[in-house]
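Asks: Take a look and give me a structure for this.
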Amino acid sequence: MTTFLVVIIMYVFGTGVLKLFAFTLAFGVLSGSYSSIFVAIPLTYIRSGGEKAKLRQKTEDPTEQHRQHMQASVASKPVSHQKKRK
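Replies: Residues are numbered from 1 along each chain as shown. From the prediction side, this is the model:
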């Protein structure tokens with residue numbers, strides 16, 4: 001915002017080549033802002049695979065996450081109920 005304000009001041013108070021430079025600079029600032037807001041953010045979201053699932057998982061109850069983790073780890077390990085004899 002401050003850069004654009006300076007460019008406007010340069011255009012209003014400048015003469016000749018400075019006005020042309022300020023106009024070109026304003027075009028660059030506007031196109032760069034457009035690119036940052038409307039192009040880069042959606043591309044970042046798409047590239048990350050969408051964070052909705054990860055955000056939902058973080059907001060779940062931590063005890064529920066722990067219970068699910070314990071069930072998964074118990075299911076993957078064989079359990080022997082017999083005592084080992086020496």
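
Asks: quick one: secondary structure of residue 3?
Replies: helix (DSSP: H, G, I helix; E, B strand; the rest coil).

Asks: Around it, count how many other residues there are.
Replies: 13 (other CB atoms under 10 Å). C-betas here are computed from N, CA, C, even on glycine.

Asks: What sits closest to it if chain neighbours are left out?
Replies: residue 29 (5.7 Å; CB to CB, 6 or more residues apart in numbering).

Asks: CA atoms only for the one helix or strand that neighbour maps to, dumped as CSV, please.
Replies: Assigned by DSSP states H and E, residue 29 belongs to helix 17-34. What follows is helix 17-34, C-alpha atoms only, in CSV (Å, rounded to 0.1, in the frame of the first residue of the first chain):
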residue,chain,number,x,y,z
VAL,A,17,10.1,10.4,-18.0
LEU,A,18,9.3,10.2,-14.2
LYS,A,19,5.6,10.0,-15.0
LEU,A,20,6.2,7.2,-17.5
PHE,A,21,8.3,5.4,-14.9
ALA,A,22,5.7,5.8,-12.2
PHE,A,23,3.0,4.5,-14.5
THR,A,24,5.1,1.4,-15.3
LEU,A,25,5.9,0.9,-11.7
ALA,A,26,2.2,1.2,-10.8
PHE,A,27,1.3,-1.5,-13.3
GLY,A,28,4.0,-3.8,-11.8
VAL,A,29,2.7,-3.2,-8.3
LEU,A,30,-0.9,-3.9,-9.3
SER,A,31,0.0,-7.0,-11.3
GLY,A,32,2.3,-8.3,-8.6
SER,A,33,-0.5,-7.9,-6.0
TYR,A,34,-3.0,-9.6,-8.2
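
Asks: What helices and strands are in contact with the very next helix or strand once past it?
Replies: Next helix or strand after helix 17-34 toward the C-terminus (DSSP H and E): helix 41-47. Here helix 41-47 touches no other helix or strand, going by 3 or more CB pairs under 8 Å, 6 or more residues apart in numbering; DSSP states H and E.
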